[in-house]
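Student: quick one: sequence plus predicted model below, questions after.
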Amino acid sequence: MAEPRPLASLTVVNEAVRDLRDYHRQGRASLRELPERGGYGQRDLDAQAEQLGWNVTRLRKARQFADPEAGYSWERLHELCRLLREHCPVFGTAHVGILVTLTWAEGRAELQQLCVQDNWSKAELEAEVRKRLGPRRQGGRWRQIGEDEGQILNQLDGLAHSWERWHGVASGTLGKEDSRKNVLPKLPRGVRQQVEEITEAMSILRAKLARKLKEIRAEAAGR
């Protein structure tokens, strides 16, 4: 049987609570600047993340964390901090990033309680999420489609951006300079040609999306 993880000191717990509150505060600030229904694109989130010195995944998790309905309201944040001070686990924003992948209806509160009181590591929390939601997650969670034009355009922009970043890394034009290499020549010629055609199409799509999203923001600002 594995030895239990050592608990955190009260000083470390208080630092973790401050970090979580700061993370939540930054998520709220991001949501105020770029509301979920504001028709903002991937470029806007990228720019915001760059200003913070974060990657965009960390920013998205902070926004999920700070969402007062789907994420953590003030009351739920206070309850999490109370639990941390009561049980003194080693807990941080990485744990929160996993917890927000579940909804409250899917048992987030129960899992949070177990994680805190049993001092789970990030890996243990991830394993429990996979165990509980494995059958649905094997094919991936069904993507939630936006309900208005701005949300749908924003999601399309994010998907196209993800493809462009993949292509940039695969072609050796993105990433750390000392590790860049073009792996696309390893693909069959027909597949490689299709990849390049899709990449060009994604670039054209993002340009069109950017223009339309700009129009939506201008309309919203004029109301």
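Tutor: Here it is on my side, so go on.

Student: how about residue 103, secondary structure?
Tutor: The three-state label given to residue 103 by DSSP: H, G, I helix; E, B strand; the rest coil is coil.

Student: shaky segments in this structure?
Tutor: 1-2, 36-42, 134-147, 176, 220-223 (pLDDT under 70).

Student: tell me the buried residues in whichever strand or helix holds residue 80?
Tutor: Assigned by DSSP states H and E, residue 80 belongs to helix 74-87. By 16 or more other Cβ atoms under 10 Å, the buried positions in helix 74-87 come out as 76, 77, 80, 81, 83, 84, 87. Every C-beta, even on glycine, is put in place using the N, C-alpha and C of the backbone.

Student: looking at the protein, which residue lies furthest from center?
Tutor: residue 189 (34.6 Å; Cα atoms, centre = their mean).

Student: so how far is residue 172 from that one?
Tutor: Using Cβ to Cβ, to the nearest Å, residue 189 is found at 18 Å from residue 172.

Student: please apply the same query to residue 67.
Tutor: Taking Cβ to Cβ, one finds residue 67 at 37 Å from residue 172.

Student: measure the residue farthest from the centre of the chain to residue 91 for me?
Tutor: In terms of Cβ to Cβ, residue 189 sits 51 Å off from residue 91.

Student: enumerate every residue touching the residue lying closest to residue 54 once chain neighbours are set aside.
Tutor: Spatial nearest neighbour of residue 54, excluding adjacent residues (Cβ to Cβ, 6 or more residues apart in numbering): residue 62 at 8.0 Å. Going by Cβ atoms under 8 Å, 6 or more residues apart in numbering, residue 62 touches 23, 24, 26, 27, 30, 54.
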